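Participant: Below is the sequence, then the predicted model.
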Amino acid sequence: MTRPILLASASVHRARMLEAAGIAFEVRASSLDERAMEAPLKETGVSPDDLAAILAEAKAVSVSEGAPGAVVVGADQTLSFKGEVLHKPDTMEAARRQLLRLSGETHRLHSAAVIAEDGVSVWRHVETVSITFRQLDPAFVGEYLASVGEAALTSVGAYQIEGRGIQLVERIDGDFFSIVGLPLLPLLAALRERGAIDG
Ligand SMILES: Nc1nc2c(ncn2[C@H]2C[C@H](O)[C@@H](COP(=O)(O)OP(=O)(O)OP(=O)(O)O)O2)c(=O)[nH]1
């Protein structure tokens, strides 16, 4: 007998990943205002990986408080580049500018997952991946964005690595699943340990 799993995320990418892994869960996205939460944290000089963990924990705990007995998974991803933390671009023009900034450079994705039960965080994991982009020609970036469209705006880096986004990349150092949005292997091990999935 396993325990109900809730995914406290509005990310279709995370939901698809768990579905593909054969995990039974329900989506119950958190209503937290991440940007409002993030502003004071940034004043403290919080590191990008800690920021991802704190936001993931806040989402998991907030959903978990209203779901007694459920195993609630919260997640967050931050992109760090030259001391800045970048977020999902708001517009296609912002996506174009962001991709050109990352051209020929290495950025890091910090992918955090947290499990909360009955309003208490019981497990957390942050995986950091370094991604180096090729030298990107502005015309290529324009063609890439025209081909992927608004999907580019659903990812923090304005790319989906499992899709055409891989054509932007020269090198990846780290876990593929963490780029897509969840440190999947450590998360599955934790769900097993907590009796939420069989195995
Ligand atoms: N499919 C795919 N998604 C990616 C990739 N890189 C980043 N992402 C997505 C995963 C997340 O949905 C999003 C990271 O943004 P957040 O951590 O703020 O999550 P999001 O706002 O989507 O949902 P949430 O805050 O959990 O409700 O970027 C990738 O290479 N492939």
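Facilitator: Right, received. Where do you want to start?
Participant: Roughly how far does the nearest residue to W123 once chain neighbours are set aside sit from the ligand?
Facilitator: Once its chain neighbours are removed from consideration, W123 has its nearest residue in I115; the separation is 4.2 Å (C-beta to C-beta, 6 or more residues apart in numbering). (C-beta placed from N, C-alpha, C; glycine too.) Distance check for I115 against the ligand: by C-beta to the nearest ligand atom, to the nearest Å, it reads 14 Å.
Participant: Now I115: phi and psi?
Facilitator: As for I115, its main-chain torsions (degrees, to the nearest 10) stand at phi -110, psi 130.
Participant: can you check Y144 too?
Facilitator: Here the main-chain torsion angles of Y144 (degrees, to the nearest 10) amount to phi -60, psi -50.
Participant: Just to check, it is in contact with Q167?
Facilitator: Yes. Y144 is in contact with Q167 according to C-beta atoms under 8 Å; the separation is 6.8 Å.
Participant: Name the next helix or strand following the helix or strand of the chain with the lowest mean pLDDT along the chain.
Facilitator: Evaluated with mean pLDDT, DSSP states H and E, the helix-and-strand set of the chain has its lowest mean pLDDT in helix 34-43, which scores a mean of 88. Using DSSP states H and E, the helix or strand that follows helix 34-43 in sequence is helix 48-64.
Participant: Pull out the buried positions in that next one.
Facilitator: Within helix 48-64, the residues scored as buried using 16 or more other C-beta atoms under 10 Å are 48-64.
Participant: interface residues of the protein facing the ligand?
Facilitator: Where the chain comes near the ligand, counting by C-beta under 6 Å from any ligand atom, the residues are 9-11, 13-14, 29, 75-77, 88, 155-157, 159-162, 165, 179-181.
Participant: Got a quick ChimeraX command for the buried subset of the residues you listed?
Facilitator: Buried residues within the residues of the chain next to the ligand, as defined by 16+ other C-beta under 10 Å, are selected in ChimeraX through the command that follows:
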select :9,11,13,14,75,76,77,88,155,156,157,159,160,161,165,179,180,181
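Participant: Okay, and which of the residues of the chain next to the ligand map to strands?
Facilitator: When the residues of the chain next to the ligand are checked against strands (DSSP state E), the matches are A75, D76, Q77.
Participant: Reformat those residues as JSON lines; add pLDDT.
Facilitator: Shown next, in JSON lines, are those (pLDDT from 0 to 100):
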{"residue": "A75", "pLDDT": "98"}
{"residue": "D76", "pLDDT": "97"}
{"residue": "Q77", "pLDDT": "96"}
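Participant: so the closest residue to T106 other than its chain neighbours, which of the three states?
Facilitator: Leaving aside its chain neighbours, T106 sits nearest to T132 (4.4 Å; criterion: C-beta to C-beta, 6+ apart). Here T132 is recorded as strand under DSSP: H, G, I helix; E, B strand; the rest coil.
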